[in-house]
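In: for reference, the sequence and a predicted model appear below.
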Amino acid sequence: MSFIEVRGARENNLKNVSVDIPKKKITVFTGVSGSGKSSLVFDTIAAESQRLINETYTAFVQSFMPSLAQPDADSLSNLSTAIIVDQKRLGGNSRSTVGTVTDAFTMLRLIFARVGAPAVEYQGMLSFNDPRGMCPSCEGLGDVSTIDLNALVDEDKSLNEGAIQLAAWAVDSYYWDIFAQSKYFDMDKKVRDFTAEERELFLNAPESKIKIGKYNITYEGLLPKFRRVFMSKDTDSMQPHVRVQIERVVSRAACTACGGTRFGQPALDCRINGRNIAECAEMEVADLAAFIGAIDDASVAPMVKSLSARLGNLVHIGLGYLSLNRVSNTLSGGESQRVKMVRHLGSSLTDLTYVFDEPSVGLHPHDIHKLNELLQQLRDKGNTVLVVEHKPAVMAIADHVVDMGPMAGKHGGQVVYEGSFEGLSRSGTLTGNHLARHQSLKSSVRQPSGQLHIEKASLHNLKDVTIDVPAGVLTVVTGVAGSGKSSLIQGCLPVNYPEAVLVDQVLPRGSKRSSPATYTGMLDPIRKVFAKANGVNAALFSANSKGACPECQGVGLIYTDLAFLEPVVNMCEACKGQRFLPEVLEYRLRGKNISDVFQMPAAEAVEFFTEKPIKTMCQNMVDTGLSYISLGQSLDTLSGGERQRLKLAIELGNTSQIYILDEPTTGLHMNDVDNLIGLLDRLVDNGSTVIAIEHNLDVVSRADWVIDMGPGAGHDGGEVVFEGTPSALLKAENSVTAGFLRAHVS
């Protein structure tokens with residue numbers, strides 16, 4: 001047997017780790033959050049593989065590629081090409097769908113092009129991303145945008161009074177000044193009193209050059225300018241406050257020309273067995289697989305077989321409830337990872353190293369064996385499979401287990417066990433000890449203080465669900481993936497109770513400068529305490545202000561944009577990544593400078609700070625399992641689970657709120673799950689209502705109330721199959737969750 005040999009790995013918190021990982025086997029890496037799993041698997045093994053592959057290209061090609069640093073290790077040998085299948089959302093714009101990212105839609109187009117009737121002239125006429133096939137009215141988007149002019153312009157005001165109700169056109173802003181300098185309007189005249197000519201000039205004038213003093217500038221009417229500047233961009237890429245303003249002014253509705261299907265008429269007319277390509281794209285994958293399998297035509301038999309296999313893999317991995325027209329950026333991190341996995345299953349390449357980051361995220365216990373089978377399929381094709389995972393059900397299929405620890409951050413970074421899964425339970429490590437220990441079923445539950453009523457909910461696959469969610473207790477909503485949990489709790493509950501706080505895995509899109517210190521509000525008190533201790537201006541201690549290194553503008557890194565390629569990222573040589581001017585780094589607080597503080601993990605910061613607001617927030621980070629996250633770490637490096645727990649840390653001091661948590665155990669070790677349950681109890685004891693969408697059976701066991709959705713996924717779900725206490729759930733006969741809970745507690 002050959003091995004990937006790692007010697008003396010020191011990346012991040014790793015402490016000279018040396019390990020042999022068997023090739024063409026499944027190896028699971030486990031350990032508490034921050035113990036060094038990702039540092040070993042992603043930042044050392046996968047990173048070195050990718051760096052070495054890049055070196056095989058010519059010097060000319062390499063000059064356009066990201067410059068990857070060599071991981072800090074004595075040696076790595078016997079590496080093969082690494083393919084990282086992570087939880088990063090697929091992203092993409094509204095033209096990117098499940099069908100396009102899995103290539104299933106390409107296969108479907110070929111089948112329709114060959115056997116559909118009436119036949120289309122070109123295959124491109126069956127694509128909503130091809131000008132020949134897209135609906136001309138919505139350009140293949142399926143919906144059209146309309147501007148609410150009353151929301152954009154207050155006609156009872158003059159331009160000087162702020163008639164344009166968008167921050168970009170605020171009085172004295174650059175865009176507003178173009179109207180003022182144009183001399184086209186009486187700036188004190190109410191918009192309602194504009195003549196027809198003035199109104200047309202104000203709202204709809206095309207671009208034209210006008211002379212203002214010595215300069216020529218471009219004048220353009222408000223509506224074309226607004227469409228060009230804001231509506232041509234994906235709102236997800238906008239700052240949150242801008243997105244809110246745009247959504248207030250712009251509404252989207254299904255295109256009436258194509259009925260929201262995205263396609264032109266020739267594609268909608270072309271049918272196979274009574275269905276057109278748009279109807280096929282709308283079907284759930286499980287139903288589409290049956291429809292495709294029934295096509296009996298020798299000319300497309302190979303393509304039918306390939307597409308059936310691709311759709312079958314989606315069904316098998318628990319994504320049968322999706323449709324091919326589902327926009328890819330609406331998928332969760334777990335769904336995104338499993339879609340990527342399906343793409344690789346059809347590959348003819350072998351002897352690769354597949355690296356997975358907690359692939360069981362978002363999966364009900366009922367579906368984990370399907371995931372395991374796919375991991376085993378990849379191994380049996382002759383690949384090495386490396387999996388970072390916390391769930392024992394996934395660890396159980398490993399040929400080899402590496403347990404990192406013993407704890408997180410500076411107290412981790414070591415291999416505390418390696419060997420078989422059976423040996424792990426006898427190892428005495430934190431992971432091993434938890435394998436045989438579970439949270440006991442809650443026998444004495446809290447009594448609700450009221451009810452949150454949902455009436456006849458029919459969003460997505462929900463079937464007129466009417467339910468009362470108890471207030472003042474911990475409620476866990478469970479059920480297989482696609483059963484309607486999120487539709488009910490995240491989609492319908494906030495409509496009736498807009499005060500509900502959603503603690504999910506999405507943070508407002510910040511820049512590279514955003515960090516836990518800025519996001520939690522700790523930065524201002526930190527700056528002030530440094531300023532007071534040294535008798536200087538607090539602005540010096542902001543990496544966004546006076547004290548910032550001028551070379552990197554306080555980022556600590558230099559980003560070189562390579563257009564369509566990944567940017568090259570290098571440490572700033574001027575400040576050595578410390579982000580501040582040398583003179584600022586001379587100022588100290590209890591022996592530490594501001595850069596030292598930014599690099600402190602939360603656990604260390606708790607001991608360092610005596611100032612209550614800072615100390616309390618750092619303690620909240622520790623309590624939510626983020627003890628190893630440094631105060632200055634960029635938010636875009638945090639996983640979905642870490643982002644959610646950072647949100648939770650901010651909420652811990654609040655009382656009497658309604659909290660909705662979306663799979664809060666994501667990325668948590670079994671030991672950290674115990675701590676999380678204690679935190680949820682703390683929120684409830686403070687007078688809050690906590691509703692968690694969750695599959696973890698330890699969390700289900702400790703709930704006061706359980707709502708189980710199902711019985712299946714997609715159109716087979718959307719019903720409440722059980723509601724009651726965890727003890728009562730054990731006796732439920734029609735609940736899939738009940739069977740797994742019985743096995744768990746026994």
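Out: Now that the structure is in, tell me what you want to look at. Numbering: from 1, shown residues only.
In: from now on I want contacts and neighbour counts done on CA atoms only, so please keep to that.
Out: OK.
In: list the contacts of residue 268.
Out: Listed by Cα atoms under 8 Å, 6 or more residues apart in numbering, the contact partners of residue 268 are 276, 277, 278.
In: between the two ends of stretch 294-301, how far is it?
Out: With Cα to Cα, to the nearest Å as the measure, stretch 294-301 spans 11 Å from end to end.
In: state the mean pLDDT of that stretch.
Out: pLDDT averaged over stretch 294-301 equals 95, rounded to a whole number.
In: over to stretch 628-648?
Out: Stretch 628-648 shows a mean pLDDT of 86 in the predicted model.
In: do the same with stretch 707-717
Out: The model assigns stretch 707-717 a mean pLDDT of 92.
In: what does stretch 44-58 give?
Out: Stretch 44-58 shows a mean pLDDT of 92 in the predicted model.
In: follow-up on the earlier one: in strands, which of the contacts of residue 268 appear?
Out: If you go by DSSP state E, the contacts of residue 268 have residue 276 in strands.
In: columns distance to residue 610 on top of the contacts of residue 268, output as TSV?
Out: Written out in TSV, the entries for those read as follows (distance: Cα to Cα, whole Å):
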residue	distance to residue 610
276	67
277	64
278	62
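In: what would the contacts of residue 268 look like in a markdown table with neighbour count, pLDDT and distance to residue 195?
Out: Conversion of the contacts of residue 268 to a markdown table gives the following (neighbours: other Cα atoms under 10 Å; pLDDT from 0 to 100; distance: Cα to Cα, whole Å):
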| residue | neighbour count | pLDDT | distance to residue 195 |
| --- | --- | --- | --- |
| 276 | 18 | 97 | 50 |
| 277 | 23 | 97 | 50 |
| 278 | 21 | 96 | 47 |
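In: relative to residue 162, which of the contacts of residue 268 is nearest.
Out: Nearest to residue 162 among the contacts of residue 268, counting by Cα to Cα, is residue 278 at 45.5 Å.
In: on the three-state scheme, the closest residue to the closest one other than its chain neighbours is what?
Out: Setting aside the residues directly before and after it, residue 278 is nearest to residue 261 in space (Cα to Cα, 6 or more residues apart in numbering), at 5.8 Å. Using DSSP: H, G, I helix; E, B strand; the rest coil, the structure places residue 261 in coil.
In: count the neighbours of residue 261 for me.
Out: Applying other Cα atoms under 10 Å, we find 25 residues neighbouring residue 261.
In: equivalent analysis for residue 247, please.
Out: Other residues near residue 247 come to 12 when the count uses other Cα under 10 Å.
In: for it, phi and psi?
Out: Here the main-chain torsion angles of residue 247 (degrees, to the nearest 10) amount to phi -70, psi -20.
In: next: residue 658.
Out: Per-residue torsions, residue 658: phi -100, psi 120 (degrees, to the nearest 10).
In: quick one, what contacts residue 680?
Out: Going by Cα under 8 Å, 6+ apart, residue 680 touches 474, 690.
In: got the buried residues for whichever strand or helix holds it?
Out: Element membership for residue 680 (DSSP states H and E) is helix 670-685. Using 16 or more other Cα atoms under 10 Å as the test for burial, helix 670-685 gives 670-674, 676-677, 679-681, 683-685.
In: who does the helix or strand just after that helix pair up with?
Out: Later in the chain than helix 670-685, the nearest helix or strand by DSSP H and E is strand 689-693. With DSSP bridges as the criterion, the sheet partners recorded for strand 689-693 are strand 474-478 (parallel), strand 658-662 (parallel).
In: follow-up on the earlier one: what angle sits between the helix holding residue 680 and strand 689-693?
Out: An angle of 150 degrees separates the directions of helix 670-685 and strand 689-693 when computed by axes from the mean of the first three to the mean of the last three Cα atoms, to 10 degrees.
In: neighbours around the nearest residue to residue 104 once chain neighbours are set aside, how many?
Out: The spatially closest residue to residue 104, leaving aside those adjacent along the chain, is residue 307, at 6.2 Å (Cα to Cα, 6+ apart). Residue 307 is surrounded by 22 other residues when neighbours are defined as other Cα under 10 Å.
In: element containing residue 307, please.
Out: Assigned by DSSP H and E, residue 307 belongs to helix 301-314.
In: so after that helix, what's the next helix or strand?
Out: Along the chain past helix 301-314, the next helix or strand (assigned with DSSP H and E) turns out to be helix 333-345.
In: and that next one, what does it pack onto?
Out: With contacts defined as 3 or more Cα pairs under 8 Å, 6 or more residues apart in numbering; DSSP states H and E, the secondary structure elements packing on helix 333-345 are strand 82-85, helix 301-314, helix 365-380.
In: turn the ones you listed into TSV, including distance to residue 410.
Out: As requested, the helices and strands packed on helix 333-345 are arranged in TSV below (distance: least, Cα to Cα, whole Å):
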stretch	distance to residue 410
strand 82-85	26
helix 301-314	40
helix 365-380	32
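In: got a list of contacts for whichever strand or helix holds residue 224?
Out: When secondary structure is defined by DSSP H and E, residue 224 falls within helix 222-226. With Cα under 8 Å, 6+ apart as the contact definition, helix 222-226 has outside contacts at 202, 203, 204, 205, 206.
In: next, residue 414: phi, psi?
Out: Taking degrees, to the nearest 10, you get phi -130, psi 150 for the backbone angles of residue 414.
In: now do the same for it: its pLDDT.
Out: Here, the pLDDT recorded for residue 414 equals 97.
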